[in-house]
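Asker: Can you look at this prediction? I've put the sequence above it.
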Amino acid sequence: MTNRKLYLGPLTDNRRWDSVKIRPDDVFVVTPPKCGTTWMQTIVALLLAGDPEVETELSVKMPWVDIRIREMPEIAERLEAMTHRRSMKSHTPMDGLPLDDQAQYFCVFRHPLDAHFSFRKHVRNIPISWFDHWYPEEDAEGVTFRRFLDGGPEGYDADAMPLAHILRHFKAATALADKPNVTLFHYADMSRDLQATFKHVAKLLDIECPPHVLDQLVRAAGFDNMRANAERFAPSGGKGFMKSDTDFFHSGTSGKWVGKLTDAELDAYDAMMNAHLTPKERAWLENGSVG
């Protein structure tokens, strides 16, 4: 944990990374929850395989190292035994991860309000009750959004994904964005031009992909195809981890929050965003390159 921040919550523990021996060609997908993690993992898996029919099996082949519900010795042993190029997932900000000058770090972001409303759906679809008091099913008094704004970036709060944790992710990633092996992606840009995203990722991974194969990979990673084949593409798909694999891919759209927040709630959100970000930073975090 030398020179790394500690992120320890009920679900995640970034000290687990101490058990992983980083290789120079490793690929890290680093995101706040519900910002396109599975999507980027799938893009990486398809490009590494060069096969649109590959069984991605993200939870096994590209494990979420931070999560505490899986035994770390087993994960470390499985990673060490891999002879192919490895990719791993993390919901820990970059300042809490082991950094290697040659490994690739793909940091994916999404409009914070879209991520928040997507997480609201997600907690209803997983058999974990830890967040019930943060995300009550009946919430006429707006408790969920208040906690989204009031929660801290570390400790127990961080696993419930408050705005402060998203901002910590963003600040930690942008602080390293000048490094050639740290790249920021945005969900909105991926949605607008998935093929361009594939080409960008392929270039970063030094993968040459024939145009006809690339077209097949792009189609495989399209939202409609991933939702239609949810048991194949959802994390731990087909294993009963989620109540519904299909509901993991709820809509894939942006603007989920429009019309669902009061003027006072939006004003409070604006105040927090403006207090922590420059106008340019906020425009990108909310809307990607068109911001």
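Answerer: It's in.
Asker: need the helices for the stretch 101-250 of the chain, in chain order.
Answerer: For the stretch 101-250 of the chain, the helices defined by DSSP state H, counting those that start in this stretch occupy 112-124, 143-150, 155-159, 163-174, 187-192, 194-204, 211-220, 223-228, 230-233, 245-248.
Asker: CA atoms only for the first one - export them in PDB, please.
Answerer: By that I understand helix 112-124. Listed next in PDB are the C-alpha coordinates belonging to helix 112-124 (Å, rounded to 0.1, in the frame of the first residue of the first chain):
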ATOM      1  CA  PRO A 112     -22.800  11.500 -12.600                       C
ATOM      2  CA  LEU A 113     -26.600  11.700 -12.500                       C
ATOM      3  CA  ASP A 114     -27.000   9.000 -15.100                       C
ATOM      4  CA  ALA A 115     -24.600   6.800 -13.100                       C
ATOM      5  CA  HIS A 116     -26.500   7.500  -9.900                       C
ATOM      6  CA  PHE A 117     -29.900   6.600 -11.400                       C
ATOM      7  CA  SER A 118     -28.400   3.500 -13.000                       C
ATOM      8  CA  PHE A 119     -27.000   2.500  -9.600                       C
ATOM      9  CA  ARG A 120     -30.500   2.900  -8.100                       C
ATOM     10  CA  LYS A 121     -31.700   0.300 -10.600                       C
ATOM     11  CA  HIS A 122     -28.700  -1.900 -10.000                       C
ATOM     12  CA  VAL A 123     -29.200  -2.200  -6.200                       C
ATOM     13  CA  ARG A 124     -32.700  -3.500  -6.700                       C
END
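Asker: what comes into contact with it?
Answerer: With contacts defined as Cβ atoms under 8 Å, 6 or more residues apart in numbering, helix 112-124 is touched by 32-35, 110, 131-132, 135, 137, 144-145, 148, 161, 163, 166-167, 187, 243, 247-248, 250, 254-257, 260-261, 269, 273, 285-286. C-betas here are computed from N, CA, C, even on glycine.
Asker: by how many degrees do it and helix 143-150 diverge?
Answerer: 130 degrees (axes from the mean of the first three to the mean of the last three Cα atoms, to 10 degrees).
Asker: Helix 112-124: which residues count as buried?
Answerer: The neighbour-count check on helix 112-124 (16 or more other Cβ atoms under 10 Å) flags 112-120, 122-123 as buried.
Asker: between those residues, which is closest to Pro211?
Answerer: Nearest to Pro211 out of the buried residues of helix 112-124 is Asp114 (Cβ to Cβ; 31.8 Å).
Asker: quick one: the closest one and Val213, what's the gap?
Answerer: To Val213, Asp114 is 31 Å away according to Cβ to Cβ, to the nearest Å.
Asker: same deal with Val30?
Answerer: From Val30 to Val213 the distance is 27 Å (Cβ to Cβ).
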